[in-house]
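Asker: Need a 3D model of the sequence below.
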Amino acid sequence: MQQTFYQWLNGQIERPDIVGDFAYTMQQFEEPQSNRKKANAHMKWATWLVDKNASQEVIEAFNTAWDEYQVLVKEN
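Answerer: This next block holds a predicted model:
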């Protein structure tokens, strides 16, 4: 079974880069949920970050992490 983005992110906590920083911060929160019936995972996370007033740097870190995660998903 494929890992969710949240599960993958938890495995990135020790990284010495912005993805690791983002992962470390996100471990303090539960996985974001969506009230929308057809929300995809990216939309769920992006909406959650905007709702939390995430800084531009945090959003950039999320996008970097998401891009890396998508490469992994496509390889599997």
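Asker: okay, CA-based contacts and neighbour counts for the rest of this
Answerer: Noted.
Asker: D17: neighbour count?
Answerer: Using other Cα atoms under 10 Å, D17 has 12 neighbouring residues.
Asker: What of A61?
Answerer: Counted with other Cα under 10 Å, residues neighbouring A61 total 19.
Asker: all numbers from here: first residue = 29
Answerer: Okay, residue one is now 29; in that scheme the one you just asked about reads as A89.
Asker: How about the helix or strand harbouring it, which residues are buried there?
Answerer: Taking DSSP states H and E as the criterion, A89 maps to helix 84-103. Residues 86-87, 89-90, 93-94, 97 are the ones in helix 84-103 that count as buried (16 or more other Cα atoms under 10 Å).
Asker: what's the spacing between it and its chain's center?
Answerer: 7 Å (Cα atoms, centre = their mean, to the nearest Å).
Asker: Skipping adjacent residues, who's closest to Q55 in space?
Answerer: N38 (6.6 Å; Cα to Cα, 6 or more residues apart in numbering).
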